[in-house]
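K.L.:
Sharing a model prediction with you, sequence too.
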Amino acid sequence: MQDTRLWQVFTHFSLKELRELAKCVRSPYFNRREYVVVLFDYLRENKDSLPEKQVAFDLMFHDKPYDDHLMRNAMSLLMQLVEKYLSIRDFMEDESRVKLQLSRAYRQMNLEKHYLQTIKRVEESQQKSDFKNADFYQNEYQLEAERYQWLSNQNRMAELNLQKISDNLDLSYITQKLRQTCFSLSHQAVYPKDYDFGLLEKMLELLESGKHLDKPAVAVYYYCYRALTQPSVDSFFRKFKSLLLAEAHLFPIREKRDLYLLAANYCIKKMNEGERQFAREGLDIYKDALRQEALFVDGILSRFTFFNIITKGLVCEEYDWIEEFINTYHHALEAKHREASASYSLARLEYHRGEHEAALQLLQKADYEDLLQNLQAKAIIAKIFFESEEIEVLLSHLDAMEQFIRRRKVIGYHQDLFRNFILLLKKRIEIPDFEKEKLRLLKKEIEEVKAVAERRWLEQI
């Protein structure tokens, strides 16, 4: 049963969701087959183990011999109920959308009092909405479109709300278009691909004429777009950042997280290009995202985001804050990465504090299953040996590091990063400190190498 669509969905349900689904499965409106309820109960009780088809069949059909067709039919019926529940759950989360659908039903039944009361509740729901994103403007458009249907049927000579319909349709489209464009541009950074952005240029002309930029949902994405397409103009990013920090509360949690990551990834790219002042910009963004609890997915913090936060904190020399961050948030990492990520991060912190012995102890006792993290840890150990002038130990460590790369079949970009690190560090070891011209030439070589780990450190030693 483990390979079935039903079980794969089932294992992702929380206890709260299973309680809600149980009501759907037991409701005669949705299901009148008792054996489907039995199947649901069996799967629910065995959520943490692996249920067996034969056992489930015997519970549903008692003394009947096993029939795979009957079993698959029961599973299909339960899957249909699961999908109905998921559709209804997501629909019901948007109060305005639910009431709009109800108002449409009352209009079609020509129940004026019911219709007007429901439309009023939609307006109140919209006014009380915490969010002002594309979904909000889509609801505003649907509200005005629904009101238009009612008004046009009542009195064709009355003034209609066509302008409001048009404005809200524009706002909904513009916000969604800018948002999708920003995600496409961000994706281009890791997967080069050209996109046809359709009506984007005409839309930008409209915005630059001064229309709609007073709406935070539009302005945030507009300046994000400008920052991504014109990264040399820092003012666009500054405007994006200031709007995000001021208006993040207007976006639901998932969209808020996406915006913070767009801003943070921009800073990472600028740092990789040598503009280290963007560490502070990125750290500000991450700190605000943490305050808003916007970086978590189902309570889990990505270890890559965890490491990026620490990197920026170390560049900014906020060592006490980083220590507090590690102690507070390493519990939110996936369990399988938690211990190694925490020890590696604490080691980086101790290294930056100049506590080489503490850093070595943390690095040498950890077992890093992640290949890149393992190589990064080995690079830090090499730096410690060099700074401690333990040259023989360092050379032995670099040879072992080369063997590790060869044995573990590290390929591509990461192989180049760490092989170049080893090569250049060995060259540096061979040059005495008083050979200034040779050191200058080596520094020039380091600057010209396309891929090398710990570039900044190598340039400074």
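P.N.:
Received the coordinates, thanks.
K.L.:
I figured Ala219 was touching Leu213, is that so?
P.N.:
Yes. Taking contact to mean C-beta atoms under 8 Å, the distance of 5.0 Å between Ala219 and Leu213 places them in contact. In this view, the C-beta of every residue, glycine as well, is placed from N, C-alpha and C.
K.L.:
These two: who's more crowded?
P.N.:
Set side by side, Ala219 and Leu213 give different neighbour counts by other C-beta atoms under 10 Å, the larger being at Ala219 (19 against 14).
K.L.:
quick one: contacts for that one?
P.N.:
With contact taken as C-beta atoms under 8 Å, 6 or more residues apart in numbering, Ala219 is in contact with Leu213, Leu243.
K.L.:
do the same with Leu290
P.N.:
For Leu290, the contacting residues are Ile309, Phe325, Tyr329, taking C-beta under 8 Å, 6+ apart as the criterion.
K.L.:
Check Lys427 too.
P.N.:
Applying C-beta under 8 Å, 6+ apart, one finds that Lys427 lies in contact with Leu442, Glu445.
K.L.:
at 7 Å instead, please
P.N.:
The neighbours of Lys427, taking C-beta atoms under 7 Å, 6 or more residues apart in numbering as the test, are Leu442.
K.L.:
Show me which residues of the helix or strand encompassing it are buried.
P.N.:
In this structure, Lys427 is located in helix 412-430 according to DSSP states H and E. Of the residues in helix 412-430, those buried under the neighbour-count criterion (16 or more other C-beta atoms under 10 Å) are His414, Gln415, Asp416, Leu417, Phe418, Arg419, Asn420, Phe421, Ile422, Leu424, Leu425, Arg428.
K.L.:
In space, what's closest to the fourth one - neighbours in sequence excluded?
P.N.:
The shortest distance from Leu417 to any residue that is not its chain neighbour, by C-beta to C-beta, 6 or more residues apart in numbering, is 4.4 Å, and that residue is Ala453.
K.L.:
where's that neighbour relative to Ala382, distance?
P.N.:
Noted for Ala453: a distance of 10 Å to Ala382, by C-beta to C-beta, to the nearest Å.
K.L.:
rewinding a little: possible to save the buried residues of helix 412-430 as a markdown table with distance to Gln361?
P.N.:
Shown next, in a markdown table, are the buried residues of helix 412-430 (distance: C-beta to C-beta, whole Å):
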| residue | distance to Gln361 |
| --- | --- |
| His414 | 26 |
| Gln415 | 28 |
| Asp416 | 30 |
| Leu417 | 26 |
| Phe418 | 23 |
| Arg419 | 27 |
| Asn420 | 28 |
| Phe421 | 23 |
| Ile422 | 23 |
| Leu424 | 27 |
| Leu425 | 22 |
| Arg428 | 26 |
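K.L.:
where's the dip in pLDDT among these?
P.N.:
Lowest model confidence among the buried residues of helix 412-430 falls on His414, which carries 83.
K.L.:
which helices and strands sit right next to the lengthiest helix in the chain?
P.N.:
In the chain, taking DSSP state H as the definition, the longest helix is helix 162-188. Helices and strands touching helix 162-188, by 3 or more C-beta pairs under 7 Å, 6 or more residues apart in numbering; DSSP states H and E, are helix 134-154, helix 200-208, helix 216-229, helix 253-272.
K.L.:
Run through who's touching the shortest one.
P.N.:
What that stands for is helix 200-208. Helix 200-208 is contacted by residues Ile174, Lys177, Thr181, Leu213, Val218, Tyr222 when judged by C-beta under 7 Å, 6+ apart.
K.L.:
so how far is that helix off the chain centroid?
P.N.:
Between the mean C-alpha point of helix 200-208 and the mean C-alpha point of its chain there is a distance of 28 Å (C-alpha atoms, centre = their mean, to the nearest Å).
K.L.:
do the third one as well
P.N.:
The chain centre lies 18 Å from the centre of helix 216-229; the measure is C-alpha atoms, centre = their mean.
K.L.:
Could you check the angle it makes with helix 253-272?
P.N.:
In terms of direction (axes from the mean of the first three to the mean of the last three C-alpha atoms, to 10 degrees), helix 216-229 departs from helix 253-272 by 30 degrees.
K.L.:
List the buried residues of helix 216-229.
P.N.:
Taking 16+ other C-beta under 10 Å as the neighbour-count basis, helix 216-229 is seen to contain the buried residues 216-228.
K.L.:
just to revisit the earlier point, nearest to Glu83, of the contacts of Leu290?
P.N.:
Tyr329 (35.4 Å; C-beta to C-beta).
K.L.:
List the contacts of the closest one.
P.N.:
Leu301, Phe306.
K.L.:
Need the per-residue pLDDT for it.
P.N.:
Among the per-residue scores, Tyr329 holds a pLDDT of 96.
K.L.:
Tell me the secondary structure at it.
P.N.:
In terms of secondary structure, Tyr329 is helix; the call rests on DSSP: H, G, I helix; E, B strand; the rest coil.
K.L.:
ok, now how distant is it from Gly299?
P.N.:
When distance is defined by C-beta to C-beta, Tyr329 is 11 Å away from Gly299.
K.L.:
cool, Glu83 as well?
P.N.:
Glu83 is 25 Å from Gly299, by C-beta to C-beta.
K.L.:
Who has more neighbours out of these two?
P.N.:
Neighbours per residue, other C-beta under 10 Å: of Glu83 and Gly299, the larger number sits with Glu83, 12 against 8.
K.L.:
Check Ser186 and give its pLDDT.
P.N.:
At Ser186, the pLDDT value in this model is 87.
K.L.:
That one: what's it in contact with?
P.N.:
Applying C-beta under 7 Å, 6+ apart to Ser186 gives the contacts Leu228, Leu262, Asn265.
K.L.:
and the helix holding Lys427, how far from the chain's centre?
P.N.:
In terms of C-alpha atoms, centre = their mean, the centre of helix 412-430 is found 33 Å from the chain centre.
K.L.:
just checking, Arg276 touches Val315?
P.N.:
Yes. Using C-beta atoms under 7 Å, Arg276 is in contact with Val315, at 6.1 Å.
K.L.:
between the two, which one's more packed in?
P.N.:
The residue with more neighbours, out of Arg276 and Val315 and counting by other C-beta under 10 Å, is Val315; that gives 18 against 13.
K.L.:
What residue, apart from its backbone neighbours, is nearest that one spatially?
P.N.:
Computed as C-beta to C-beta, 6+ apart, the closest residue to Val315 that is not its neighbour in sequence is Ala279, at 3.7 Å.
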